[in-house]
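**Student:** just to be clear, the model below is a prediction. Sequence and coordinates:
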There are 2 protein chains.
Amino acid sequence: MSLTEFFTPDSVAVIGASTNPQKLGYAVLENLVAGGFSKRGTVYPINPKAEAILDLKAYPSVLKVPDPIDLAVIVIPYLHVPDALRTCGEKNIPAVIVISAGFREAGREGLERELELIDIAKEYNLRLIGPNCLGVIDTFTPLNASFSAGTPPSGPMAFMSQSGALGTAVLDISLAGRLGLSKFVSLGNKADVDEIDLLRAWGDDQNTRVIMIYSEGMSNGQEFINTARQVTSKKPVVAIKSGVTQSGSRAVSSHTGSLAGTEQAYHAAFRQAGVLRAESMETLFDISLALGYQPLLQGDRIAIITNAGGPGILATDALERSGLSLAQLKIETITTLSQHLPDAASAANPVDVLGDARADRYQMALETIIADPNVDGLLVLLTPQAMTEIDATAEVIGRLSAEIDKPIITCFMGEAKVDSGVDRLQKYQVPNYPFPERAALAFKAMSDYRQVLSRPKPKYVEFEVDRKTTQQVFDKVRGQGRLSIGDSEARQILTAYGLKIPASELAADPDEAVEIANEIGYPVVLKIASPDILHKTDVGGVKVGLESAEQVRDAFELMFYRAQRYLPQAHLWGCLVQEMVPPGGLEVLIGMNRDPQFGPLVTFGLGGIYVETLKDVTFRIAPFSVQSAEKMLSEIRAHAILDGVRGEPPVDKAAIIDVLLRIAQLVQDFPEIVELDINPLMVYPKSQGAIAIDMRLVLSK
Amino acid sequence: MSLTEFFTPDSVAVIGASTNPQKLGYAVLENLVAGGFSKRGTVYPINPKAEAILDLKAYPSVLKVPDPIDLAVIVIPYLHVPDALRTCGEKNIPAVIVISAGFREAGREGLERELELIDIAKEYNLRLIGPNCLGVIDTFTPLNASFSAGTPPSGPMAFMSQSGALGTAVLDISLAGRLGLSKFVSLGNKADVDEIDLLRAWGDDQNTRVIMIYSEGMSNGQEFINTARQVTSKKPVVAIKSGVTQSGSRAVSSHTGSLAGTEQAYHAAFRQAGVLRAESMETLFDISLALGYQPLLQGDRIAIITNAGGPGILATDALERSGLSLAQLKIETITTLSQHLPDAASAANPVDVLGDARADRYQMALETIIADPNVDGLLVLLTPQAMTEIDATAEVIGRLSAEIDKPIITCFMGEAKVDSGVDRLQKYQVPNYPFPERAALAFKAMSDYRQVLSRPKPKYVEFEVDRKTTQQVFDKVRGQGRLSIGDSEARQILTAYGLKIPASELAADPDEAVEIANEIGYPVVLKIASPDILHKTDVGGVKVGLESAEQVRDAFELMFYRAQRYLPQAHLWGCLVQEMVPPGGLEVLIGMNRDPQFGPLVTFGLGGIYVETLKDVTFRIAPFSVQSAEKMLSEIRAHAILDGVRGEPPVDKAAIIDVLLRIAQLVQDFPEIVELDINPLMVYPKSQGAIAIDMRLVLSK
């Protein structure tokens, strides 16, 4: 069902319209009138006690309105909201905004009331925004169905906010003129309409060039990723997520679990969806302005024009730190610049037109540089010096920007004197940033978005695996009242999913251990096998490089002695005798932790002590493509180690990618797996494969 | 010599004072008049052709002025500046500002002219600011001896800028009202007066609470560190350094050299000096405002008051990311808040006073929370909602801030409606930030500065060493026309400076190698010894774990064969036979790279392949204290490895610190050492010491 009626209704009813200007029910009605909607469509104040409000005929109930109603706004005390919603259903109103608070956010009873709203909405097949929200604005309709203070100016940015209060701040910023909005939705408690619905609706909205999201949490992460991925190939989506303190309540027993949290899940999800993540509110606005008002940045080569050396250096620093590059101007460009600039000027990028540059000199430089095919984007810096023509220079920049299809952004530094110039730039939709570092971040976002657009079509693989065996292991473990699976049982699962593992067998006593070791061939590894011991090394439960029957026997008995002494309650199955894998491998970690919002969060990182101390890991939400798996390898800080350093050969990256994809498949096939660690996966030189040495896995309750 | 005359002169001469309002010589004179100085002191326009300018009697030369002159401002074409400066000397003017450009910045001839100015200044014992600068302002005197557009408002911030143009932007920001300046100096080419002189002068200035620096480079790094260290124990110094692209021109041959650059040197220098480094221009202003206008933050426990949940979460995230903590309010505080706040409000930190909070509710919460001894600082958030009393709330905050000695900063989010509130906050010197992330950075800077103030008295050590032997090695190497010192020669230096090294001797042939190995005892290590091979492993020039005479012989011959084949031009001394150090050590790197501005930049980091790939290293400029050396160990990202992970014992940190301090002494004793690597230093468990396995060293030409 589309959300059309929320944004372009022909008629709007305000249930709880008030005659008292102090009340929200009055404010909403006033906005419908002052915001221009009442000239385009019909507004029905619903108030049993009033004849008319703001010169609009009032009705005691929506059911008494003779014509159909597209949209209702409910702004009455919470106790009466369910009944009001039901009458909306009976009137066949397709879209309802519930502004009233007193629901999920107000505790248990409120939650029950909210669930009632959801039921009513389903029963009558109507869509609901809110409850506990500020309302909805569409500046193109125009429709202001909110209690906002004033209606923001029109523009290409659509903003959705989970926080109504933050919404008021956004609207106040917009009212000041810098940020033009196409649509604004305060999502409130998201009883029905959520970010995914709005993304879908706004993805096709002709008036919206950029979608901005403020979110505190999501309920359907996988669908968000899928929807956002489609939308981001049409227009940029910029989001800020608050709430790092939302740490999971479930106790974490794996390495992966301790590394992966909400923060990492969002980071992975946004990246996979092509959503640009803003690190701060300021950045959210800064980058949206550049994306909304300027054309696509076709490459990363930026030219700087400045009337001051210092800021030029700052801008250069900031651009390079952001991963962009300074454009290498063509000889012809430099020659032309040199001919027209004073001797002391710099005709190489950053181009310094000198402190006494007036608007004409800026214009010459701008026109010359923007025509250079080596330049993808232009950053114009200005400091208010004695000769500087601030307004005229802004005018020159604005006109040029309107003509050409390369992005131009400015950094007019200062405040008192440059303000009028900044206003003029705004008229031409040239985003201005007061400091070069912020301008650099805007260019970086434009570059990031170009990369989103140029994503290759994702390639997904499915492996032939043995689900049945895996299910049997799980059933057996659960049958024994356990939830965690250690080494000896995990090997069956790994084999079932096509991973290589070392030859290995469980020995119940020292004699059997020696027998198995003789079969496997020395040296061997001995590991204590117990459902109760997850961290074997902590109790001396792993011995490597055992060279003889005698050493195997000694190690077995010592392990049993220690385990019985330090963990007397642990049930001991025996020891696993394992083939000693060849030397020369690199230890890596592959794991999974199931995120409550996004599902299986798969981890890759270096193994050994470094994964714990440096947390040099990267994440993807499964399912992910082959290209994503490949990218994970290059994302860890120590990725150069995979390519071989100090004369070491490069490792078998294909084998790591294969394991990542197989594990992604495993955790999708079995949603009951909540945590999983392969640590270490021993990776050998190119085309020599990888062996999963140890695995642990936790099932859901 | 003090700089008093630059800031509080009784008389000022303007050499080049002009009657033409388009000229800088007019602007300077006008600022002296309009800025208020002419009411306090005497202004002498110097112009051979004018009788009077701006109603001030003009003189053809300073020598014709009957009374003494404290300060002269020269603003005439560059060719005449040296002569003008000389007449200033003859007139015994102690302080001269040269605004004119056309010196060092203008090429070779300009540089010669600038050197002439320096000579004249020395000859006449006068101090010089500039050339090529904007001038000097002191708002308390008041004195505006610059060609700035307008005089900034008075305040506690003193700003020095190497870039005049950036200075104009700073002044324009100040003119807008948010940033009050005590002093402003445009340093220009720094022919004489530089950052160090101003730091010294402003450290004792009663009108200055914060010193702000924009710098592009320094000439006397060590003196800067020493001076700034003294000043920062009196008042905060905040600096921004531009120019990451200043990469050294000298080819780099060591690991340390490839890790250490200008960027790292400044980072270390600022930290050692207690200078707070701003990552961007915006941050420079943001943190200076907090430090200048608010009292010291006595602890890191911050309370948040907000009228909106979302921004409260953003602020919490940002504070925690900045290393601050949310204050745990006392039970009494929470009880009081609960009694006075509506039920739906949150009385725990972050305290949510709800969207309908008016000024009185803010006031109650503010007064209650600020009185809580568990609260060190207060962040007040406000979003402009329907009931919000923006101005009245600002008033309440401002009054409270004026009364109490805990810092309060605000985040009034929005723009159009909140502006008047922000103005009111400014009147009370409460810094406002439009977004919570910027407020969090301001608190972080306050916290950082408290830590600067609580630095312990630095403890320096001097070791008894054998300088003579070291000098002899250098002399010998230089005598042979070499500059780089490898393993076999380096061992003498290491021993001379008290480092432990493995037993080792040079063997010229296989027989001798076996003989030495027999003496040392097996296993041994064999390393090719050649002045031409710095990276031995690259040519298979290192073999470890040789167990017998036969293995030693084989390894020796193989190394020679390979070295002769792959590096036929290399001069081979033989092979070093070395004691095999005990297993179980952790490889770390200690190195030094001589920075052109700050001197010996000493590096510490993890060794092995990780130092190259992760660049997990930290830096200090020598000399540094014992405490600094201790701190270096905790600064690397992987510092937990030093404390022992996965059951490994902690390493001998004292031994690492000892080596760091001895190396710092070595590189100070011998400024001719330009690069040095000890890689690896093998560190053993606590109190078992460290052994320097390999060292390389490069001497200056």
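**Tutor:** Looks like it arrived, so ask away.
**Student:** CA only for contacts and neighbour counts going forward, please
**Tutor:** Noted.
**Student:** and the closest residue to residue A:586 other than its chain neighbours, how far from chain B?
**Tutor:** Distance criterion Cα to Cα, 6 or more residues apart in numbering or on different chains; nearest residue to residue A:586, sequence neighbours excluded, is residue A:683 at 5.0 Å. For residue A:683, the distance to chain B equals 17 Å [Cα to the nearest Cα, to the nearest Å].
**Student:** equivalent analysis for residue A:445, please.
**Tutor:** Here the criterion is Cα to the nearest Cα. By it, residue A:445 lies 18 Å from chain B.
**Student:** A helix includes that residue, no?
**Tutor:** Yes. Judged by DSSP: H, G, I helix; E, B strand; the rest coil, residue A:445 forms part of a helix.
**Student:** count of residues packed around it?
**Tutor:** Around residue A:445 there are 25 other residues, counting by other Cα atoms under 10 Å in any protein chain shown.
**Student:** quick one: pLDDT of it?
**Tutor:** Note on residue A:445: pLDDT of 98.
**Student:** list the contacts of the residue nearest to residue A:586.
**Tutor:** By Cα atoms under 8 Å, 6 or more residues apart in numbering or on different chains, the residues touching residue A:683 are A:585-588, A:651-652, A:655-656, A:689-691.
**Student:** out of the residues you listed, which sit inside helices?
**Tutor:** A:655-656 (DSSP state H).
**Student:** out of the contacts of residue A:683, who's the most crowded?
**Tutor:** residue A:690 (27 neighbours).
**Student:** in this structure that one contacts residue A:684, no?
**Tutor:** Yes. Applying Cα atoms under 8 Å as the test, residue A:690 and residue A:684 come out as touching, 5.9 Å apart.
**Student:** what touches both of those two?
**Tutor:** Joint contacts of residue A:690 and residue A:684 (Cα under 8 Å, 6+ apart) are residue A:652.
**Student:** dump the residue contacts of the most centrally placed residue in chain A.
**Tutor:** Centrality entry for chain A: nearest residue to the mean C-alpha point is residue A:270, 2.4 Å, by Cα atoms, centre = their mean. Applying Cα under 8 Å, 6+ apart to residue A:270 gives the contacts A:225, A:276-277.
**Student:** isn't there a helix covering it?
**Tutor:** Yes. The assignment for residue A:270 (three-state DSSP) places it in a helix.
**Student:** just for the stretch 601-701 of chain A, where's the confidence low?
**Tutor:** Per-residue confidence for the stretch 601-701 of chain A (pLDDT under 70) gives these ranges: A:610-612.
**Student:** please disregard the earlier target; I meant chain A.
**Tutor:** Scanning chain A for pLDDT under 70 picks out A:1, A:244-260, A:610-612.
**Student:** for chain B, what are the nearby residues on the stretch 151-300 of chain A?
**Tutor:** Residues of the stretch 151-300 of chain A found near chain B (Cα under 8 Å from any Cα of the partner chain) are A:162-163, A:165-166, A:168-176, A:216, A:242-245, A:280-282.
**Student:** just the buried residues of those.
**Tutor:** Taking 16 or more other Cα atoms under 10 Å in any protein chain shown as the criterion, what is buried in these is A:162-163, A:165-166, A:168-176, A:216, A:242-244, A:280-281.
**Student:** sort out for me which of these are in helices.
**Tutor:** Those of these mapping onto helices are A:165-166, A:168-175, A:281, per DSSP H.
**Student:** tell me which two of the residues you listed sit farthest apart.
**Tutor:** Across these, the longest distance by Cα to Cα is 16.8 Å; it joins A:175 and A:281.
**Student:** got the phi/psi numbers for residue A:273?
**Tutor:** Dihedral angles of residue A:273 (phi, psi; degrees, to the nearest 10) stand at phi -80, psi -10.
**Student:** actually residue A:301, not the one I typed
**Tutor:** For residue A:301, the backbone dihedrals are phi -90, psi 110 (criterion: degrees, to the nearest 10).
**Student:** mind listing the residues bridging to it?
**Tutor:** For residue A:301, the beta-bridge partners are residue A:325 (DSSP bridges).
**Student:** contact partners for it?
**Tutor:** Taking Cα under 8 Å, 6+ apart, one finds A:324-328, A:374-377 in contact with residue A:301.
**Student:** by neighbours, which of those wins?
**Tutor:** Highest neighbour count within the contacts of residue A:301, by other Cα under 10 Å: residue A:377, with 26 neighbours.
**Student:** could you measure from that residue over to chain B?
**Tutor:** Here the criterion is Cα to the nearest Cα. By it, residue A:377 lies 21 Å from chain B.
**Student:** check contacts around that residue.
**Tutor:** Shown in contact with residue A:377 (Cα under 8 Å, 6+ apart): A:297, A:299-303, A:370, A:406-408.
**Student:** at 6 Å what do you get?
**Tutor:** By Cα atoms under 6 Å, 6 or more residues apart in numbering or on different chains, the contact set of residue A:377 is A:302, A:406-408.
**Student:** just among those residues, which is most surrounded?
**Tutor:** Counting by other Cα under 10 Å, top hit in the contacts of residue A:377: residue A:408 with 30 neighbours.
**Student:** dihedrals phi and psi, that one?
**Tutor:** When read as degrees, to the nearest 10, the backbone of residue A:408 gives phi -120, psi 130.
**Student:** can you check the one 4 residues further on too?
**Tutor:** Backbone dihedrals for residue A:412, given as degrees, to the nearest 10, come out at phi -90, psi 110.
**Student:** residue contacts, it?
**Tutor:** A:381-382, A:434.
**Student:** again, 10 Å this time
**Tutor:** By Cα atoms under 10 Å, 6 or more residues apart in numbering or on different chains, the contact set of residue A:412 is A:306, A:380-384, A:390, A:394, A:418-419, A:421-422, A:425, A:432-436, B:169.
**Student:** strands - which of these land there?
**Tutor:** Within the contacts of residue A:412, residues falling in strands by DSSP state E are A:306, A:380-382.
**Student:** so which of these also contact chain B?
**Tutor:** residue A:382 (Cα under 10 Å from any Cα of the partner chain).
**Student:** any idea which of the ones in strands among the contacts of residue A:412 is closest to residue B:205?
**Tutor:** Out of those, the member with the shortest distance to residue B:205 (by Cα to Cα) is residue A:382, at 32.6 Å.
**Student:** can you tell me how far that closest one is from residue A:434?
**Tutor:** Per Cα to Cα, to the nearest Å, residue A:382 is found 10 Å from residue A:434.
**Student:** what is in contact with those two at once?
**Tutor:** Common contact partners of residue A:382 and residue A:434 (Cα under 10 Å, 6+ apart): A:410-414, A:418, B:169.
**Student:** okay, these in TSV with distance to residue B:572 next?
**Tutor:** Converted to TSV, the shared contacts of residue A:382 and residue A:434 look like this (distance: Cα to Cα, whole Å):
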residue	distance to residue B:572
A:410	60
A:411	60
A:412	62
A:413	61
A:414	64
A:418	68
B:169	61
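**Student:** and of those, the nearest to residue A:150?
**Tutor:** When the shared contacts of residue A:382 and residue A:434 are compared against residue A:150 (criterion: Cα to Cα), the nearest one is residue A:418, at 27.3 Å.
**Student:** if I look at the closest one, how far off is residue B:30?
**Tutor:** Counting by Cα to Cα, the gap from residue A:418 to residue B:30 is 22 Å.
**Student:** what does residue A:538 give?
**Tutor:** Separation of residue A:538 from residue B:30 (Cα to Cα): 79 Å.
**Student:** what's the answer for residue A:462, then?
**Tutor:** 79 Å.
**Student:** equivalent analysis for residue A:86, please.
**Tutor:** Applying Cα to Cα, the value for residue A:86 to residue B:30 is 75 Å.
**Student:** ok, those two, which is more surrounded?
**Tutor:** The residue with more neighbours, out of residue A:86 and residue B:30, is residue B:30; 23 against 16, by other Cα under 10 Å.
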